[in-house]
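Trainee: Sequence and computational prediction follow.
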Amino acid sequence: MRYLIFISAVASLLAACGQRSDSGIWSDTTPAVSYTPVPKPTAYPRLPIYDTAMVVVEQAPVHWLANAQAQVALPERSGSDDGSTRWLNIDYPDYGIILYCTFTNVDPLKREEVIVNRTERMSLNAGGNSTEIIELESDGGFHSNLLVTSHGTVNPLQFLSTDGDRWVVSGTAFLKHAPRPGTEDSIAPAIQAVQADLLRSLTHLKLRAEI
């Protein structure tokens, strides 16, 4: 508010300078300038960004890395009844983001069916919003797609990986508190940090036997 009042006062002063003085000695024919205050960009509290150190997640059935400062936990139901699927949660409490990971040991004949199912789910999570797809190959032979949807969803990051044989690994980063429309930039640094962690995890994804 002080900024607006200050601009208004300056505009009034400049307008007055364009009027003829009572003494008739000086006048300025330049028209008064109209000023439209431009609001400053919204400032958000600085998030405490985690260090980039990564550690191997021992609970994962494959070689999977997680941020050393994140909290790794097995959900109450940590796997499917037939033992083919394991679930793992990686929590970033300071960011308000939790990464839900699924590790599935599939029948090679049903691998494509599983991939199609996961892909459809990822598309629904993106909600038709603009999405960037990052493709990469890990040093352990996994092919991955990382989907980045910056706005309009509580699932800004999703990934799908396969070794082309028996393993399908997928996951989504979930925002515990969805930002209000127009305030998505407030959570952007946290999403970018988790994205960087995911890129490291996917780059080094491999089978346990290859560690």
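Mentor: Yep, that arrived.

Trainee: C-alpha from now on. contacts and neighbour counts both.
Mentor: Will do.

Trainee: quick one: contacts for Val57?
Mentor: The neighbours of Val57, taking CA atoms under 8 Å, 6 or more residues apart in numbering as the test, are 63-66, 72.

Trainee: let's see it at 7 Å
Mentor: The neighbours of Val57, taking CA atoms under 7 Å, 6 or more residues apart in numbering as the test, are 64-66.

Trainee: Okay, Asp107 and Trp167: tell me how far apart.
Mentor: Taking CA to CA, to the nearest Å as the criterion, Asp107 is separated from Trp167 by 9 Å.

Trainee: between those two, who's got more neighbours?
Mentor: In terms of neighbours (other CA atoms under 10 Å), Trp167 is the more surrounded of Asp107 and Trp167; the figures are 22 against 13.

Trainee: Disregarding flanking residues, what is the spatial nearest neighbour of the more buried one?
Mentor: Excluding the flanking residues, the one nearest Trp167 by CA to CA, 6 or more residues apart in numbering is Asn105, at 4.8 Å.

Trainee: how close does the one you found get to Asp165?
Mentor: 9 Å.

Trainee: now the helix or strand where Val114 lies: mean pLDDT?
Mentor: Using DSSP states H and E, Val114 falls within helix 111-126. Here the mean pLDDT over helix 111-126 is 96, rounded to a whole number.

Trainee: again, but for stretch 163-171
Mentor: Per-residue scores along stretch 163-171 average to 97.

Trainee: Ok, stretch 60-76 next?
Mentor: Looking at stretch 60-76 alone, the average pLDDT works out to 94.

Trainee: Report the buried residues of that stretch.
Mentor: Of the residues in stretch 60-76, those with enough neighbours to count as buried (16 or more other CA atoms under 10 Å) are 60, 62-67, 69-70, 72.
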